[in-house]
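[1] Provided below for reference: sequence and predicted model.
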Amino acid sequence: MQFHSKTVTILIFLWILLILLAPIKTPFNYYDEGFAVFNATRVMDGDVPYRDFWAIYPPGQFYALAAIFRIFGTTLLVARIYDTIVRFVIVISVYLIAKKTTTRPLALLVCIVTTLLLASARSYAYAVFPSLALGLLSILSLLEHVNTGQRRWLLLAGLLIGTATLFRLDIGLYTCISVVFTIILFRGFRIVQEAKSPIKALFATSELLVILLGAVLLIVLPCYGYLGIRSGFNNLWTQVVIIPTTVFHDVRWKPYPTIIPSIFPFTVGISTFGSVYPELLDWLQFYLPLVIYGIAFSHYGLSFLKKRITFNTRYFGTTALTILGVLLFAPALSRYDYIHVVPSSIIAFLVVIPLVHHVIINIQNLVIKYSFLLLLTILVFLYFLSPIRILLSSTNNFSPLRCYSHLDRASCIFLGRDQEQAVEYIRTHTLDGESIFVGNRRHDLIFANDIGFYFLSNRPSATKYHELHPGVATTRSVQEVIVYDIESKNVNWIVLVYVHESEEPNASAVSSGVHFLDDFIRSKYVQVAEFGNYGIWKRVTK
């Protein structure tokens, strides 16, 4: 029976891996995926982040991808396989944590839920995923410490949290807060149990926190210290901390769904399912995790006050996860879209499934019990209908078994035809190692830019500002630096891409009024070819 159970588990995880691999040939995201892979190649060429190229994210993903590229080759497929493995680690971590907080069948259910969320999110090379994987592993280490009392697990948790900060500072910080709070709670419970004196209790708790935080600093201080020395601490601080906490919100914020959706019958009457579903899904994706965390805090708070709670691994695990999940919702408050709610949603389902199981087994009234189960089934159906449809559409339209692009670095990943033609043109008309500049048709109003073009063409950027971020590249000072770099490197070829202008209710939709870069390009270059949204401009020789 045990052998049969292990076989089923292995088969389920193989099936999960296949689901995660299914969207691997979906279209290349030239901005978000593009800056990750191109920054990695700049690191491979010896460039130092924040000094030699501008970036607002921690360096972990750049260096991880650079190492992967050196070993397995510099292609999109290699980067996506690495990303898929990271997502698979998240699923495994979720399973191992869920096994400690609920039953094995429910742990497998959480894994399937997590897989659907990750597979439908796409967003390859997203630095949040390795940071989240490390954060979940650190919570797993915390639970091992709770079970065994061995301090080596806290040491490991600290090292994992420290490493997580190298990929995303915010997730590393959120994980650290959740683990620290759980340690204090755990020690407080042990103090009451063992009737220790307050002084001894404080010393014991402080000792555990020193081990944990010392391990975190053991990773953070040398890595960021070394990078600060090489890139300049001011550059590091400005780009990794100041810009994400100030400029990013101004140019990327999106409105939240209304608390009371207009789809409810008492506001608009009865509508067809197809017309109301998108708004309902939008509401569920934003508010359902918050509702789950509110219920979890209320349930455990009341149980604690009524002394009906057992301080065990399930309790401490759920506490740590609930705190982490609430904090992980912060990115969605800065920019609400699906990819930014996925991390918090994964934690929410990890929290709610053991909680629901605990509630259901304690409901004696069958009518209430089955009504509750029916409501949950409807909510799960509504929530996961869209991810399943996205996944099926990805598989049908971009089969993982087909080859779409024959560019070396694309490695069969689907590209836009105009982008592929423009890349081929630039590669034909430039020399290896020749610098180019890839910009937009206008630079006073920027939403995103095609950073991936540099990667696909295997041509270096003439400037440190290969990422044209709104609120940064739209300013006069930065445009002057870009022009200086283009002139000093005597760039002969410029690619200008038509990228749709922002219609979002934030500063990215407002022109800065700065046309310095646009005027320079049009005074020094002339368009010689055009492929759809891509214009090829050549320096005018006099």
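    In hand now; what should we look at? Note that the structure is predicted; figures quoted are calculated from it, not measured.
[2] The chain: strands as residue ranges?
    Using DSSP state E, the strands of the chain run over residues 437-440, 493-497, 525-531, 534-539.
[3] mind listing what Pro470 touches?
    Applying Cβ atoms under 8 Å, 6 or more residues apart in numbering to Pro470 gives the contacts Val251, Arg252, Ile446, Phe447, Ser502, Ala507, Ser508. No exception for glycine: its C-beta is placed from N, CA and C like everyone else's.
[4] quick one, which of the strands of the chain is nearest to Val380?
    strand 493-497 (40.9 Å; Cβ to Cβ).
[5] Can you name every helix or strand that the closest one contacts?
    Applying 3 or more Cβ pairs under 8 Å, 6 or more residues apart in numbering; DSSP states H and E, we find strand 493-497 packed against helix 417-429, strand 437-440, strand 534-539.
[6] what separates it from the chain centre, distance-wise?
    When C-alpha coordinates are averaged (Cα atoms, centre = their mean, to the nearest Å), strand 493-497 and its chain have centres 29 Å apart.
[7] Equivalent analysis for stretch 164-177, please.
    Per Cα atoms, centre = their mean, the centroid offset for stretch 164-177 relative to its chain is 12 Å.
[8] Show me which residues of that stretch are buried.
    164-176 (16 or more other Cβ atoms under 10 Å).
[9] can you check stretch 371-381 too?
    So stretch 371-381, judged by 16+ other Cβ under 10 Å, has zero buried residues.
[10] Any chance you could give me it in CSV, C-alpha atoms only?
    C-alpha atoms of stretch 371-381 as CSV (Å, rounded to 0.1, in the frame of the first residue of the first chain):
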residue,chain,number,x,y,z
SER,A,371,-23.6,23.8,1.5
PHE,A,372,-20.2,25.0,2.6
LEU,A,373,-18.5,22.5,0.3
LEU,A,374,-20.7,23.5,-2.6
LEU,A,375,-19.8,27.2,-2.1
LEU,A,376,-16.1,26.3,-2.1
THR,A,377,-16.5,24.3,-5.2
ILE,A,378,-18.1,27.2,-7.1
LEU,A,379,-15.4,29.6,-5.9
VAL,A,380,-12.6,27.2,-7.0
PHE,A,381,-14.3,26.7,-10.4
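[11] outside of it, which residues touch it?
    Contacts of stretch 371-381 (Cβ under 8 Å, 6+ apart): Leu284, Leu288, Val356, Val359, Ile360, Ile363.
[12] Considering those, which is situated nearest to Val495?
    Leu284 (40.7 Å).
[13] Pull up the gap between the residue nearest to the closest one when sequence neighbours are not counted and Val110, please.
    Of all residues not flanking Leu284 in the chain, Tyr383 sits nearest, at 5.2 Å (Cβ to Cβ, 6 or more residues apart in numbering). Relative to Val110, Tyr383 is positioned 14 Å away (Cβ to Cβ, to the nearest Å).
[14] circling back to that earlier point, would you point to the one among the strands of the chain that's packed deepest?
    When you average the neighbours per residue for each of those (mean count of other Cβ atoms under 10 Å), strand 437-440 leads with a mean of 25.
[15] helices or strands up against it?
    Short answer (3+ Cβ pairs under 8 Å, 6+ apart): strand 437-440 packs on strand 493-497.
[16] For the strands of the chain, give me a markdown table that also has distance to Thr41 and mean pLDDT.
    Below are these laid out as a markdown table (distance: least, Cβ to Cβ, whole Å; pLDDT from 0 to 100):
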| stretch | distance to Thr41 | mean pLDDT |
| --- | --- | --- |
| strand 437-440 | 14 | 98 |
| strand 493-497 | 17 | 98 |
| strand 525-531 | 23 | 97 |
| strand 534-539 | 21 | 98 |
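[17] tell me the contacts of Thr246?
    By Cβ under 8 Å, 6+ apart, Thr246 has no neighbours at all.
[18] again, only using 10 Å
    Thr246 makes contact with Thr238, Gly471, according to Cβ atoms under 10 Å, 6 or more residues apart in numbering.
[19] Also Val94?
    Taking Cβ under 10 Å, 6+ apart, one finds 107, 110-111, 113-115, 118, 133, 136, 140, 321, 346-347, 349-350 in contact with Val94.
[20] Could you check stretch 228-246 and say which residues are buried?
    Buried, per 16+ other Cβ under 10 Å, within stretch 228-246: Gly228, Ser231, Asn235, Leu236, Gln239, Val240, Ile243, Pro244.
[21] tell me how far the ends of that stretch are from each other?
    Stretch 228-246 stretches 21 Å from its first residue to its last (Cα to Cα, to the nearest Å).
[22] So that it lines up with my notes, have the first residue be 292 from now on.
    In the new numbering, first residue 292, that becomes stretch 519-537.
[23] centre of the chain versus it, how much separation?
    20 Å.
[24] circling back to that earlier point, out of the contacts of Pro761, who's nearest Ser594?
    For those, the nearest to Ser594 is Arg543 (39.5 Å; Cβ to Cβ).
[25] Flag the shaky bits of the stretch 392-541 of the chain, pLDDT-wise.
    481-492 (pLDDT under 70).
[26] Can you list the neighbours in contact with stretch 803-810?
    So stretch 803-810 is in contact with 728, 730-737, 756, 759, 761-762, 764-774, 777, 787, 813, going by Cβ under 10 Å, 6+ apart.
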